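Asks: I would like to see how this sequence folds:
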Amino acid sequence: MAIDYQKLKNRKFDDVVHTYTQRDTMLYALGLGFGADPMDRGQLRFVYEDGLKALPTMAVVLGSPGFWVKNPDSGIDWKQVLHGEQGLKVFKPLPAEGTVIGRTRIVDIIDNGPGKGALMYSEREIIDKKSGEVLAASQSTTFARADGGFGGPAGPKKSVHAIPERTPDLTTDITSVPQAALIYRLSGDYNPLHADPDVAKSANFKQPILHGLCTYGIAGHAILKLLCGYDPAKLKQMDVRFSSPVYPGETIRTEVWKEGAGKAAFRCKVVERDVMVLNNGYAEYAA
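Replies: Residues are numbered from 1 along each chain as shown. Now for the predicted structure:
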């Protein structure tokens, strides 16, 4: 089944009501490696109930409609999809516990042509159920590798943020634990690719890989540390392009370039393999 452009673009998603607890908030942070240094009070505030804070990047796992592209009526070959880009705008700090509404829509689908795949841009608002306020908006680009040539528009395509050609201003290394994917999946993504060695090998990986959104969250950890002093209220926006998967246990080095008041470019690479895993990163923060 080929993509039906109008049908997919106008697809209606039911609102997803998502109640999360302090335990969920702490579990999400633990999946990103927070608490690795038990004496670091900057990290402790995200994994300890006394004064607990929610990480801004947790918004990307709240109110999700699930892996809906697997439904036959989507017209998408779900086995050939990749998470291409992830963005997040934060309007108000997430509470440490609460109930939110996830409201998803398809923004556009770009046809790269036969044999070249398609790009699907989607957005999900995270709305506080009690107040009705929009807390955050998550933007995602899905690369449907097998679905080009359906007759849709060839643009406009989203631009990516350029990385400066100079030495980074700030750098930090965060080492993931070997069981990182097994912890992170408890925040809602149970894809066996991240847990089952046989499934991973069938997808041509030597072992289960880390969730892309876990790598995104680890980058968020680095940005909070380097630019926000571990104050979650300071992070306003964070956009990345996914370049390559990470294996649990690897060290992720985040390089940051300051680009004026409250703006920065960044990228992440795996130190052990010298492989870029996140690129064209852009962050806005309260300076």
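Asks: Report how many residues lie close to the closest residue to residue 233 other than its chain neighbours.
Replies: Spatial nearest neighbour of residue 233, excluding adjacent residues (CB to CB, 6 or more residues apart in numbering): residue 93 at 4.8 Å. C-beta coordinates here come from the backbone N, C-alpha and C atoms, glycine included. Using other CB atoms under 10 Å, the number of residues around residue 93 comes to 17.
Asks: Next up, the contacts around residue 93.
Replies: By CB atoms under 8 Å, 6 or more residues apart in numbering, residue 93 lies in contact with 53, 54, 56, 135, 232, 233.
Asks: Which one of these is nearest to residue 193?
Replies: Nearest to residue 193 among these is residue 56, at 26.0 Å by CB to CB.
Asks: That closest one reaches residue 90, doesn't it?
Replies: Yes - using CB atoms under 8 Å, residue 56 is in contact with residue 90, at 4.9 Å.
Asks: Please enumerate the shared neighbours of those two.
Replies: By CB under 8 Å, 6+ apart, the residues touching both residue 56 and residue 90 are 136, 235.
Asks: out of those two, which sits in the more crowded spot?
Replies: Neighbours per residue (other CB under 10 Å) separate residue 56 from residue 90, with residue 56 holding more: 27 against 23.
Asks: Could you tell me which residues make contact with that one?
Replies: 88, 90, 93, 94, 136, 220, 224, 232, 235, 238.
Asks: Need the per-residue pLDDT for it.
Replies: Looking at residue 56, its pLDDT stands at 98.
Asks: cool, and residue 287?
Replies: 85.
Asks: What distance do you get for the closest residue to it other than its chain neighbours to residue 285?
Replies: Excluding its sequence neighbours, the residue lying closest to residue 287 (CB to CB, 6+ apart) is residue 262, at 4.3 Å. Using CB to CB, to the nearest Å, one gets 6 Å for the distance from residue 262 to residue 285.
Asks: Return the list of helices and strands in contact with the longest helix along the chain.
Replies: If you go by DSSP state H, the chain has its longest helix at helix 212-227. Contacts defined by 3 or more CB pairs under 8 Å, 6 or more residues apart in numbering; DSSP states H and E place helix 212-227 against helix 22-31, strand 81-90, strand 170-175, helix 180-184, strand 235-242, strand 251-258, strand 263-270, strand 275-285.
Asks: Point out where the stretch 101-250 of the chain drops to low pLDDT.
Replies: Across the stretch 101-250 of the chain, nothing is flagged by pLDDT under 70.
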